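[1] the following comprises the amino acid sequence and a computationally predicted model.
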Amino acid sequence: MNSYAHHAEDARAAVHADLTGKAALVTGGSRGIGAATALRLARQGADVAVTYVSGKEAAEEVVRAVEALGRRAVALRADFADADEPAGAVERTAAAFGGGLDILVNNAGVGLLGPLESLTLADVDRVLAVNVRGVFLASQAAAARMREGGRIITVGSCMALRVPGPGGTLYTMSKAALVGLTKALARELGPRGITANIVHPGPIDTDMNPADGPYADGQAAMTALGRFGTAGEVASVVACLAGAAYVTGAEFTVDGGHAA
């Protein structure tokens with residue numbers, strides 16, 4: 001086989017990686033990008049835990065869908081605003097799937113947009129607690145449980161790369177912090193064969209930001225493709241990274257050209 005064929009084979013292996021026997025935790029996995037990611041990982045063979053805060057029924061639907069694919073699944077209530085919950089979710093996932101963890105997808109987050117002068121200390125504390133501290137604590141706990149070849153994949157935001165208008169100071173700060181965290185995790189965990197990467201979605205059609213919402217036309221116009229993305233399009237990149245052994249400390253935009 002020539003070198004080009006080897007490259008093509010390696011690329012196909014990453015995109016369609018066999019994750020059979022892998023244990024995954026997708027935070028905020030009851031809907032949207034998280035739910036799509038949980039199902040994509042399960043289709044590739046992984047057992048999957050998802051966390052939720054208030055969407056118990058939606059999380060249980062995801063569990064049933066994963067189980068219908070022949071994989072194990074569990075829904076865990078975990079509010080990452082509570083400093084004890086991220087590590088607790090990791091521990092409960094490991095216990096449910098035999099003691100280890102292979103894939104962590106840091107997807108849980110809160111969005112808060114508004115004029116700078118309108119943001120309260122409580123707003124700052126909650127956004128940073130969930131979007132930054134929670135990701136750090138989950139990653140810290142996961143790293144302690146991960147076997148060789150573990151994957152930490154964090155969902156950032158296109159606003160960490162390009163802020164198209166006012167009102168995004170707090171949210172953007174929280175997502176930009178995850179870039180530094182990802183690069184530092186890659187350096188610290190690389191010797192153990194554990195990778196860390198971040199995916200930046202653009203406008204994605206979810207119930208939190210529907211493609212037919214009041215601000216959708218303006219968001220779509222900011223992309224090169226002129227449309228919203230789908231949760232599945234983000235999930236496909238996350239799943240690719242779950243199978244990629246030689247990619248770490250990297251940022252991936254799934255934003256339709258928002259940052260172009």
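    Received it, and whenever you're ready, just let me know what you need.

[2] need the longest helix for the protein.
    Looking across the chain with DSSP state H, the single longest helix is helix 169-189.

[3] neighbouring strands of the helix or strand just after that helix in the sheet, and parallel or not?
    Scanning forward in sequence from helix 169-189 by DSSP states H and E, the next helix or strand is strand 195-201. Paired neighbours of strand 195-201 in the sheet (DSSP bridges): strand 146-155 (parallel), strand 251-254 (parallel).

[4] out of the ones you listed, which is the most enclosed?
    Among these, ranked by average contacts under mean count of other Cβ atoms under 10 Å, first place goes to strand 146-155 (a mean of 21). In this view, the C-beta of every residue, glycine as well, is placed from N, C-alpha and C.

[5] now that one: average pLDDT?
    Computed over strand 146-155, the mean pLDDT rounds to 95.

[6] send me that strand as PDB with only the CA atoms.
    This file holds the C-alpha atoms of strand 146-155, laid out as PDB (Å, rounded to 0.1, in the frame of the first residue of the first chain):
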ATOM      1  CA  MET A 146      -8.800   7.600  32.000                       C
ATOM      2  CA  ARG A 147      -7.000   4.800  30.500                       C
ATOM      3  CA  GLU A 148      -4.200   5.200  27.900                       C
ATOM      4  CA  GLY A 149      -5.700   6.700  24.800                       C
ATOM      5  CA  GLY A 150      -8.400   8.700  26.600                       C
ATOM      6  CA  ARG A 151     -10.100  11.600  24.900                       C
ATOM      7  CA  ILE A 152     -11.300  15.000  26.300                       C
ATOM      8  CA  ILE A 153     -13.300  17.000  23.900                       C
ATOM      9  CA  THR A 154     -14.800  20.300  24.900                       C
ATOM     10  CA  VAL A 155     -17.500  22.300  23.200                       C
END
